[in-house]
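Student: here are the coordinates; sequence isn't available:
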């Protein structure tokens, strides 16, 4: 069975996902077979494996860092929020239905056999498992039924590294307070603390680290700098969603829907130096972009209602009439149609029927089992602004409950308005290029001026840069001693 090490954090967004990815890359570089694992993930960014199972994208990123294919066993429970008090529950890649938070809380220990089966199966095939916790292990109101932090650590007998975020301030209180709220048995599992996202002179930090080690009776195993790497973020806390509003030579605006999902679908456009990819949630932020993207969402009808109420639907209509490229993906694609119906309350939005934006000739009904599959093929004849995509090869994956009223092509287009159910549609070779060339031609600028670079090579380089920073920040000799149960 594999050795294991677990990364827990003092709070959400302390950097657990990125550190776990960095460790996966380091262990791979050191010649080990390594796999990531997170028993329960709550996120709207998800992925469909080759076998058709759904899992969180954070573990997909960690698997890429480890040099292996994503597998639903790496994330046996995925929770996709549908409302403020409920989520769609997915176990080992398969939808179990929607549950209110309290109902899931009462039932989640029933999923322990599925979690352990997934973990033990991975452990039998690898040398090292890097486990990621969720939120904080010191949520004392949730500890009794915990299966993702110390509860999981006990189940699989995992040593723990506790990560605190110094960039937000109060890191010493974070780390000490978290440990103080744990049971003695849980405290013994913590083999080291990590100060993450540090900027500045470490020598100024040293006196505080010495006191922290003394009062926590736990060594500080590393100070990891604020890492400037371009690696996918896990959820809506991503800095991408609140990034620069600078508009470049070609300007793309993604509508930041309240329940936006899979916002990493558009990362392909970030490979171009002179393309801006902005996330906007108001008319005043929209300006006059060259392309407007309606992304996926976990609640199509509720988010369409929001779009209508805040004035962005009218702004999209106005932009479309001026010839702006409008592109919808999955839920955003459904919004662009003529109507949306949910007679069985699949989305649990309280809405049963509403008109769509009306820019594409399609109708959608939510019903039946969830479509979740990988897909690839070639586009047929594409009309309008993106006609250059005709015959191109595409690949990606579909995750949606809604069904369209008729058989539709993988890319439906009418003039300057397009839509597709395919997540990752922009990642296939030539697709993003083709779209940007069309926009450059329309605007009268040279495509070469966008300054693109090799996306796959770039991604691998980012994982190596991440590993370099984590390796330099951590005492890796001590980490290996933890793995070998020498401390």
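Tutor: Arrived safely. Computed from a predicted model, the values in this text were never measured in an experiment.
Student: Need the residues that contact the longest helix along the chain.
Tutor: Longest among the helix segments of the chain by residue count, using DSSP state H, is helix 455-473. Contact with helix 455-473 is made by 18-19, 21-23, 25-26, 29, 64-65, 194, 222-225, 227, 229-231, 268, 271, 427, as judged by CB atoms under 8 Å, 6 or more residues apart in numbering. Where you see a C-beta, it was placed from the backbone N, CA and C, and this is true even at glycine.
Student: repeat for stretch 199-209
Tutor: Contacts of stretch 199-209 (CB under 8 Å, 6+ apart): 167, 172, 195, 198, 220, 223, 225, 226.
Student: Next, count neighbours for residue 428.
Tutor: Using other CB atoms under 10 Å, residue 428 has 17 neighbouring residues.
Student: Begin at 5 from now on, thanks
Tutor: Shifting the count to begin at 5 puts that one at residue 432.
Student: what pLDDT does residue 23 get?
Tutor: What the model reports for residue 23 is a pLDDT of 96.
Student: give the contact list for it.
Tutor: 11, 167, 198, 200, 228, 474.
Student: go with 10 Å
Tutor: 11, 13, 134, 136, 165, 167, 198, 200, 226, 228, 231, 470, 473-474, 477-478 (CB atoms under 10 Å, 6 or more residues apart in numbering).
Student: So which of those sits lowest on pLDDT?
Tutor: Within the contacts of residue 23, pLDDT is lowest for residue 231, at 89.
Student: ok so, going back, from the contacts of stretch 203-213, keep the buried residues only.
Tutor: 176, 199, 202, 224, 227, 229 (16 or more other CB atoms under 10 Å).
Student: for the fifth one, what are its contacts?
Tutor: Just to be clear, that refers to residue 227. 170, 175, 198-202, 206, 209-210, 213, 476-478.
Student: Pull the most distant pair out of those.
Tutor: 175 and 476 (19.0 Å; CB to CB).
Student: Comparing those two, which residue is more hemmed in?
Tutor: Neighbour totals were compared for residue 175 and residue 476, and residue 175 leads with 26 against 12 (other CB under 10 Å).
Student: what's the nearest residue to that one if we skip its chain neighbours?
Tutor: residue 168 (4.3 Å; CB to CB, 6 or more residues apart in numbering).
Student: Also residue 8?
Tutor: The nearest residue in space to residue 8 (CB to CB, 6+ apart) is residue 133, at 4.3 Å.
Student: I'd assumed residue 41 was in contact with that neighbour.
Tutor: Yes. If you go by CB atoms under 10 Å, residue 133 and residue 41 touch, sitting 5.2 Å apart.
Student: and the two? which has more neighbours close in?
Tutor: Neighbour count, other CB under 10 Å: between residue 133 and residue 41, residue 41 has more, with 27 against 24.
Student: Against residue 119, how distant is the more buried one?
Tutor: 9 Å (CB to CB, to the nearest Å).
Student: hey, what's in contact with both of the two?
Tutor: Common neighbours of residue 41 and residue 119 (CB under 10 Å, 6+ apart) are 77, 80, 156, 160.
Student: Need these in TSV (columns: secondary structure, distance to residue 127 and neighbour count).
Tutor: Formatted as TSV, those follow (DSSP: H, G, I helix; E, B strand; the rest coil; distance: CB to CB, whole Å; neighbours: other CB atoms under 10 Å):
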residue	secondary structure	distance to residue 127	neighbour count
77	helix	10	24
80	coil	13	27
156	helix	13	26
160	helix	8	19
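Student: Let me have these in TSV, adding distance to residue 299 and pLDDT as columns.
Tutor: Shown next, in TSV, are the shared contacts of residue 41 and residue 119 (distance: CB to CB, whole Å; pLDDT from 0 to 100):
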residue	distance to residue 299	pLDDT
77	28	98
80	26	97
156	32	97
160	36	97
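Student: Tabulate those (TSV), appending distance to residue 455.
Tutor: As requested, the shared contacts of residue 41 and residue 119 are exported to TSV (distance: CB to CB, whole Å):
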residue	distance to residue 455
77	40
80	42
156	45
160	47
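Student: ok, which pair from the residues you listed is furthest apart?
Tutor: Going by CB to CB, the pair spanning the shared contacts of residue 41 and residue 119 furthest: 77 and 156, at 14.2 Å.
Student: Over to residue 348. Which of the three states is it?
Tutor: coil (DSSP: H, G, I helix; E, B strand; the rest coil).
Student: didn't it look like it was pressed against residue 373?
Tutor: No. Judged on CB under 10 Å, residue 348 makes no contact with residue 373 at a distance of 12.0 Å.
Student: Find residues that contact each of these two.
Tutor: Joint contacts of residue 348 and residue 373 (CB under 10 Å, 6+ apart) are residue 405.
Student: More neighbours: which of these two?
Tutor: With neighbours defined as other CB under 10 Å, residue 348 and residue 373 compare such that residue 348 has more, 12 against 8.
Student: Not counting sequence-adjacent ones, nearest residue to residue 109?
Tutor: Per CB to CB, 6+ apart, closest to residue 109 is residue 149, 6.1 Å.
Student: Sorry, wrong one. I was asking about residue 403.
Tutor: residue 376 (5.1 Å).
Student: which ones are touching that neighbour?
Tutor: Residue 376 neighbours (CB under 10 Å, 6+ apart): 50-53, 56-58, 94, 97-99, 401-405.
Student: now, which of those sits nearest residue 321?
Tutor: residue 404 (24.0 Å).
Student: Just confirm that closest one is within a strand.
Tutor: Yes. The assignment for residue 404 is a strand, going by three-state DSSP.
Student: in the sheet, who's paired with it?
Tutor: Per DSSP bridges, the residues bridged to residue 404 are residue 375.
Student: Neighbours of it, how many?
Tutor: So residue 404, with other CB under 10 Å, has 19 neighbours.
Student: In this structure it contacts residue 379, no?
Tutor: No. At 11.8 Å, residue 404 does not count as touching residue 379 under the criterion of CB under 10 Å.
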